[in-house]
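[1] 3D model of this:
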Amino acid sequence: MRVVSFDVFDTLLVRVQARPADLFALLGAELKAAGINVPSPITFAQLRQQAELGARRTAPGGEVTLAEIYATLKVVFNWDAAICARVQAMEINLEEQSLKAVPGMLARVRAARESVDAIWFLSDMYLPAACIEAVLRREGFFCDGDRLFVSGEYRSSKHRGDLFAKVRAQAGAPITDWLHIGDNPHADDAVPRSQGIRTELLREAALNRYEELAGGKQTELPWRSLLAGAMRRARLANPETDPARRIIWDTGCDIVGPLVLGFVHWCLSEAKSRGVRRLYFVARDGQLPQRVASRLASAWGFDIECHYLHGSRQAWHPAAEQGADELRTQAVGYFRQAGLLNGTPWAMVDIGWHGNLQRSLGKLLALDGGTQPVTGFYFGLVPGASALGTDTVLGYWNQLPARDHGVRRLNHALWEIFLSADHGGVLGYREEAGRFEPVLREPRNQRALAWGMETLQAAVMKFAELWLEVVPKPPPTPTDWLAVAREVYLEFYQRPAFAEATVWGGIPFADGQVEQDFKCLTPSLDGPPWRGILPWQRPLYWWAEGAQAQEACWPLRLYLALRDAKRWLTD
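    Residues are numbered from 1 along each chain as shown. Below you'll find the predicted structure:
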């Protein structure tokens, strides 16, 4: 008999939380909301884990069932039988709601089903087999004729190896070929191999370093666990086969997605508190944030319109100068058509950094008789950024303490690569058949499309989709979210892996308005990478950490250490 067996958790199914125990904190919150007398959600989670450890000490073989765990909890909380049964049912229900299929694994199970005689599922777990089977059936994994073996009910485990022996004994026929697929290096690989079983180790569902960092510790807020879970699930949905584009997708899920979503949430919250009814996301950096904002505003009930506004330094600065009447007429015609002059309170949204674009916009509107002050929401503002008269500029990243925010140190070029759009730069406007249309350098941004900009945007939207799936309303404040997103971003920027530095450091970008001189963040140098330390060798937005990750050398390490010490002293 030919058999393929699958581990269940973190192989076929993954939770929306970062770690299994994080579910207990959410359960504690549900219990308090239901009026059941328990301590804080975190304390309940700790007591729930202690109850499981206590039950394992007395259970045969150390494998327990959920009922045995709750027999211990019943004593801890002095619950009666009805309350104990109710809470146990709530945990099962929360588990069922939290478990989702690992993308791609259903196709893997179906393919295996076509080539073997039996499909089995093995799990070291306390949950009832009926619960696990129901979720496997719901997700399409389990079919009639399959078998499920759960350690708590068999009093044996994969970890010790006796569960594999019991499964073999119950096979009903000699096993001629057995392949086991799972995620645990010991229980799903080393142990079955020692028993002559072929194995395949799948580690993709394990939290990576960014997701571990985002999830924080169990003592921290439960929303962080859901954040890390959404990052992981989005990453697992990676559809790319090209290695570079796989990295771009993963970065979109783990780095860019949380930063853009947090920025957009802040914009919506600020707009609501200031009575702003309409947000204009300025091209081209605003394309991706506008798409995310539209999803968030709808899902979270913000009564705020989110529009995309074609604009640029090249289109607005010349039009705002004295004597540029024709350019101004075209620009103001476009603004009027877009609704900037119809009296609806609005604000513009842009990446930053000096506020010059907003000043030109304010001048253009004032020259046409506009009296409404202009408010600008920015990802980050450098020191000295200002607005005209009564206009307002606000920076998202600037909410951090002065020592921490360091807007000048974000590497503006990398962020502008992150927020690339699918069209060329805006050169100006022209009137056609009574409508004002933007004039683009090119209809499609071929350079960005070539390196994988659409992959990045799709990854960010996937992350936003999965976050909204588990969080029907905004849980943390934008400032709380920013602190976590910043920590994850700096982990990427300051300690990139070789492949990350190679991909992102090699993407071409142009800092000038005319977009003729394209560079990359870690350019190839004539000689060893330490030559890039010389100011005349390196580009304006040199990514020193990325260069170090690609080819480490002691002069570059020394440069980074001295640079960081100087920054610390001057902050």
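
[2] Next secondary structure after the lowest-mean-pLDDT helix or strand in the chain?
    None of the helices or strands of the chain scores lower by mean pLDDT, DSSP states H and E than helix 402-405, at a mean of 62. For helix 402-405, the following helix or strand on the C-terminal side (DSSP states H and E) is helix 412-418.

[3] For that next one, give me every contacting residue.
    With Cβ atoms under 8 Å, 6 or more residues apart in numbering as the test, helix 412-418 has contacts from 256, 259-260, 285, 351-353, 379, 456, 493, 504, 507, 509, 511, 521, 540-541, 543. Quick note: C-beta positions are derived from backbone N, CA and C, even for glycine.

[4] try it again with 6 Å
    Residues external to helix 412-418 that are found in contact with it (Cβ atoms under 6 Å, 6 or more residues apart in numbering): 256, 507, 509, 541.

[5] so residue 375 bridges to which residues?
    residue 392 (DSSP bridges).

[6] shouldn't it be in contact with residue 347?
    Yes. With contact defined as Cβ atoms under 6 Å, residue 375 and residue 347 form a contacting pair (4.0 Å).

[7] Name the residues contacting each of these two.
    Shared contacts of residue 375 and residue 347, defined by Cβ under 6 Å, 6+ apart, are absent.

[8] one step back: out of the contacts of helix 412-418, which are inside strands?
    residue 509 (DSSP state E).

[9] Looking at strand pairing, list the partners for residue 280.
    residue 307, residue 348.

[10] Next up, the contacts around residue 56.
    Residues near residue 56 by Cβ under 6 Å, 6+ apart: 62, 64.

[11] i'd like the first residue to be 34 from this point on
    Sure, I'll start numbering at 34, so the last one becomes residue 89.

[12] Centre of the chain to the helix or strand containing it, how far?
    Residue 89 is part of helix 74-91, with elements assigned from DSSP H and E. Offset of helix 74-91 from its chain centre (Cα atoms, centre = their mean, to the nearest Å): 31 Å.

[13] Stretch 337-355 now?
    Distance, centroid of stretch 337-355 to centroid of chain: 30 Å (Cα atoms, centre = their mean).

[14] Tell me which residues of that stretch come out buried.
    Across stretch 337-355, burial judged by 16 or more other Cβ atoms under 10 Å covers 337-345, 347-350, 352-353.

[15] What of stretch 153-166?
    153-162, 164-166.

[16] now swap in stretch 202-212 and tell me
    By neighbour count, with 16+ other Cβ under 10 Å as the criterion, the buried positions of stretch 202-212 are 208, 211-212.

[17] Now residue 154. Nearest residue, chain neighbours left out?
    Spatial nearest neighbour of residue 154, chain neighbours left out: residue 181 (4.6 Å); criterion: Cβ to Cβ, 6 or more residues apart in numbering.

[18] what about that neighbour, which helix or strand?
    strand 180-183.

[19] returning to that earlier point: tell me who's in contact with the residue nearest to residue 154.
    By Cβ under 6 Å, 6+ apart, the contact set of residue 181 is 154, 162, 166.

[20] beta partners of the nearest residue to the second one once chain neighbours are set aside?
    Looking back up the chat, that one is residue 162. Excluding the flanking residues, the one nearest residue 162 by Cβ to Cβ, 6+ apart is residue 183, at 4.5 Å. Beta bridges link residue 183 to residue 156, judged by DSSP bridges.

[21] gap between residue 378 and residue 336?
    Note on residue 378: its distance to residue 336, by Cβ to Cβ, to the nearest Å, is 12 Å.

[22] and the host helix or strand of residue 154, how far from the chain's centre?
    Applying DSSP H and E as the criterion places residue 154 in strand 151-156. Distance, stretch centre to chain centre, for strand 151-156: 32 Å (Cα atoms, centre = their mean).
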